[in-house]
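Colleague: okay, sequence plus prediction incoming.
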Amino acid sequence: MEKEKTSYQGQMHLLQKDMMGRYFERVTRAAEAGEGKAVYMLISGNPVELIQAFDLIPVYPEIDALQLAVKKSALPFIQKAEELGYSMDNCAYVKADVGLFLGDRKTPFATIPLPSLILCNYVGCNVYLQWFEHLAEYCSGELYNLDIPFLRDPSGVPSKEDIVYVVRQLEEVIEICERLTGKKLDYARLKAIVSRSSETGDMWSRIKALTKNIPSPFDAYFDSVTMMAPLYCLRGTEEGVRFFETALKEMEEKVRMGTGPLPEERFRFIIEGPPPWPYLRTFRDLFSKWGAVAVASTYSTVGGLWEFGFRHDPNHPLESIAQHMLQWNVTNRNFLQRYQQIRRYVEEWQADALVIHSVKSCRLFSAGQGDMREYFTKELNVPTLLIESDIEDPRYFSEAQLKNRIDAFFESLEHKKILHAGAEAGGAA
């Protein structure tokens, strides 16, 4: 089968490249010239609005690690961490970041500053705690672990006590930031930042809803990652709002024109799990050749589930930041809630299939995905493919193996479509 030509580079991609370039320039200035103080955080449900309010620089070790993978420069850092005693089974994000951290912190995209505050916004992954505790041992940055209770109620709604518990911790973070910066929190400014986060979340939700159209105007997995970086690094800023205004306008225009990321959309699928960053384009092409477009993805919700109704509330900034961390991101949800999320995608986004990309070095997130496949295949009769590689470590990526699995899966889907079309034609006759 001939490879489909992909055509997805638009104004949004160019703007994102320019914005993130400036962001990493600011990060580098902090590292090399001491212009600003860095706060390390994790992506899932982070309180970046508080950090923006103090003009501190949000730095995300996960983003640094994935950028190393995208630039195909992660393996030496991973091996350096393994030489120090980190196991091959440890999270590859952690190893790449530790290897980077213990060197000169220079990368192809930026020089990463040492942290003034290591803010572990623990959400759903106990590796996060150990990762940031290790970083704290390797430098003089202050460590604060935000303890985010797991969603225990079957309704998926946190209790009032949980919200109060998280808000009290956010108030302690404010005190730390005031001490680091020598200035008091400007509450009015925080409310303005949270208001911009609300605008951003609303536009992001509207953008993601556009993939319900046939054809989808963009790929909700491979193109969503372009929008996720501004969503996390620049949320709450005027620049971030302008980016999403541009992205929304561009995607709405694609809907009006009836165009998508591929010449023909033949299959619509949902995908669970993060991508293999060292081979992102290769991985995309394995689906593109079949005319397969991801119309929704769980990975695009690791930092927030805005498409299901969440909006930051500028009138209650700390409470809404707490709700974001507790309730509105996929990593703090149990498996049944993840099933419900994917089921909504399959039904509301009219998907033909589910693809589960299991991450070899992330057993905490990948555990149970076999049961997930069984549930969607046998209980809901949704064609489901489970494949495995890694987010960071190139040693775990086998293009030939993935190609064989993906080709066989879509050949089967294509055969079913032909049989279905034949049955409909026969019934009409």
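Modeller: Perfect, thanks for sending it.
Colleague: contacts and neighbour counts: CA atoms only from here.
Modeller: Fine.
Colleague: ok, Glu339 - contacts?
Modeller: Actually, residue 339 is Tyr rather than Glu. Met372 (C-alpha atoms under 8 Å, 6 or more residues apart in numbering).
Colleague: average pLDDT across the strand or helix carrying Ile321?
Modeller: Using DSSP states H and E, Ile321 falls within helix 317-326. Taken as a whole, helix 317-326 has an average pLDDT of 96.
Colleague: stretch 85-96 too?
Modeller: Averaging pLDDT along stretch 85-96 yields 94.
Colleague: end-to-end on that stretch?
Modeller: One end of stretch 85-96 sits 13 Å from the other (C-alpha to C-alpha, to the nearest Å).
Colleague: how about it: buried residues?
Modeller: Neighbour-count burial for stretch 85-96, counted by 16 or more other C-alpha atoms under 10 Å, picks out Tyr86, Asn90, Cys91, Ala92, Tyr93, Val94, Lys95, Ala96.
Colleague: again with stretch 122-139
Modeller: Buried residues in stretch 122-139, counted by 16+ other C-alpha under 10 Å: Tyr122, Val123, Gly124, Tyr128, Leu129, Trp131, Phe132, Glu133, Leu135, Ala136.
Colleague: so which residues of the stretch 301-429 of the chain form strands?
Modeller: Assigned by DSSP state E, counting those that start in this stretch, the strands in the stretch 301-429 of the chain fall at 353-359, 384-389.
Colleague: ah, wrong one, I meant the stretch 51-200 of the chain
Modeller: Ranges of strands within the stretch 51-200 of the chain are 57-59, 115-122, 142-147, based on DSSP E, counting those that start in this stretch.
Colleague: tell me which other helices or strands the longest one touches.
Modeller: Under the contact definition 3 or more C-alpha pairs under 8 Å, 6 or more residues apart in numbering; DSSP states H and E, strand 115-122 sits against strand 38-40, helix 126-137, strand 142-147.
Colleague: can you redo these as a markdown table with mean pLDDT and distance to Lys208?
Modeller: Shown next, in a markdown table, are the helices and strands packed on strand 115-122 (pLDDT from 0 to 100; distance: least, C-alpha to C-alpha, whole Å):
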| stretch | mean pLDDT | distance to Lys208 |
| --- | --- | --- |
| strand 38-40 | 98 | 28 |
| helix 126-137 | 93 | 28 |
| strand 142-147 | 96 | 29 |
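Colleague: out of those, nearest to Phe244?
Modeller: Among those, strand 38-40 comes nearest to Phe244, with 24.4 Å by C-alpha to C-alpha.
Colleague: residues contacting the closest one, please?
Modeller: Residues contacting strand 38-40 (C-alpha under 8 Å, 6+ apart): 27, 30, 51, 56-61, 113-120.
Colleague: which helix of this structure spans the most residues?
Modeller: If you go by DSSP state H, the chain has its longest helix at helix 399-428.
Colleague: buried residues, that helix. List them.
Modeller: If you call a residue buried by 16+ other C-alpha under 10 Å, then helix 399-428 has these buried ones: Leu402, Lys403, Ile406, Asp407, Phe409, Phe410, Leu413.
Colleague: now stretch 398-408: mean pLDDT?
Modeller: For stretch 398-408, mean pLDDT rounds to 98.
Colleague: hmm, back to that, most packed of the strands of the stretch 301-429 of the chain?
Modeller: Per residue and on average, the most neighbours among the strands of the stretch 301-429 of the chain fall to strand 353-359, with a mean of 23 (mean count of other C-alpha atoms under 10 Å).
Colleague: any chance of the buried residues of stretch 85-96 in a markdown table, plus distance to Ala367?
Modeller: Below are the buried residues of stretch 85-96 laid out as a markdown table (distance: C-alpha to C-alpha, whole Å):
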| residue | distance to Ala367 |
| --- | --- |
| Tyr86 | 21 |
| Asn90 | 14 |
| Cys91 | 14 |
| Ala92 | 16 |
| Tyr93 | 17 |
| Val94 | 18 |
| Lys95 | 20 |
| Ala96 | 22 |
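Colleague: shaky segments in this structure?
Modeller: Applying pLDDT under 70 to the chain picks out residues 1-9, 420-429.
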